[in-house]
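In: fold the stuff below for me.
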Amino acid sequence: QVQLVESGGGLVQAGESLRLSCAASGRTFSNYAMAWFRQAPGKEREFVAAITWSAGTTYYADSLKGRFTISRDKSKNTVYLQMNSLKPEDTAVYYCAARLNIGSRYQYDYAYWGQGTQVTVSS
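Out: Numbers count the residues shown, from 1 in each chain. Take a look at the predicted model:
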C-alpha cells in the first residue's frame, strides 16, 4: 500500500523560502509520477508541480515556474518542493500525490495522496 507523508510546512515571512518533503513508501516507484498540489481556504485544489520518478522529467504550473522547484531523491524515496520568494498568496495546505506513469496536472488522475502540510506566508 502506497503511503505518502509530507513534512516541512510552517509559518514564514514573505520573501523567505521553505522546502517541503514527501516520503514515499509501500511500492517501487520507478513507474510512478509524483506531484505537489495545494489548496487555499475556500479555493479549489490546484496543481503545483510534478516529476516522473524514473527520468526526472518535471512539469510546473505556469504561474509558479521559476520560484518553485520539484526534485526527487531515489535513494531516500523522497520528493521535494523547494519554494523560494514566498508570497502571502502561497498560503495553503500542500499535498503530495502519486500516480502510475507520466505526470499530470489534474488531481483526479492521482490515486494516492498524503495528508497535507500547512504553509503560511505572512506579509
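In: flag every buried residue along stretch 37-56.
Out: By neighbour count with 16 or more other CB atoms under 10 Å, stretch 37-56 contains the buried residues 37-38, 45, 47-53. Placement of C-beta: from N, CA and C, glycine included.
In: so of these, which ones are in strands?
Out: Among these, the ones falling in strands (DSSP state E) are 37-38, 47-52.
In: those: which two are farthest apart?
Out: R38 and T52 (20.1 Å; CB to CB).
In: residue boundaries of the strands in the protein?
Out: Under DSSP E, the chain gives strands at 3-7, 10-13, 18-25, 32-39, 46-52, 58-60, 68-73, 78-83, 92-100, 112-113, 117-122.
In: may I have the second one as CSV, with CA atoms only?
Out: In CSV, the C-alpha atoms belonging to strand 10-13 read as follows (Å, rounded to 0.1, in the frame of the first residue of the first chain):
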residue,chain,number,x,y,z
GLY,A,10,5.3,26.1,8.6
LEU,A,11,5.0,29.8,9.1
VAL,A,12,7.4,32.1,7.2
GLN,A,13,7.6,35.7,6.2
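In: which parts of it are buried?
Out: In strand 10-13, residues buried by neighbour count (16+ other CB under 10 Å) are V12.
In: report all helices and strands that that strand contacts.
Out: strand 117-122 (3 or more CB pairs under 8 Å, 6 or more residues apart in numbering; DSSP states H and E).
In: again, but for the fourth one
Out: In this structure, strand 32-39 packs against strand 18-25, strand 46-52, strand 68-73, strand 78-83, strand 92-100, with contacts taken as 3+ CB pairs under 8 Å, 6+ apart.
In: format those strands as TSV; extra columns: distance to Y110 and mean pLDDT.
Out: Below are these laid out as TSV (distance: least, CB to CB, whole Å; pLDDT from 0 to 100):
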stretch	distance to Y110	mean pLDDT
strand 18-25	12	97
strand 46-52	9	97
strand 68-73	14	97
strand 78-83	13	98
strand 92-100	4	97
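In: and these: which comes nearest Q3?
Out: By CB to CB (comparing all of these), the closest turns out to be strand 18-25, at 4.8 Å.
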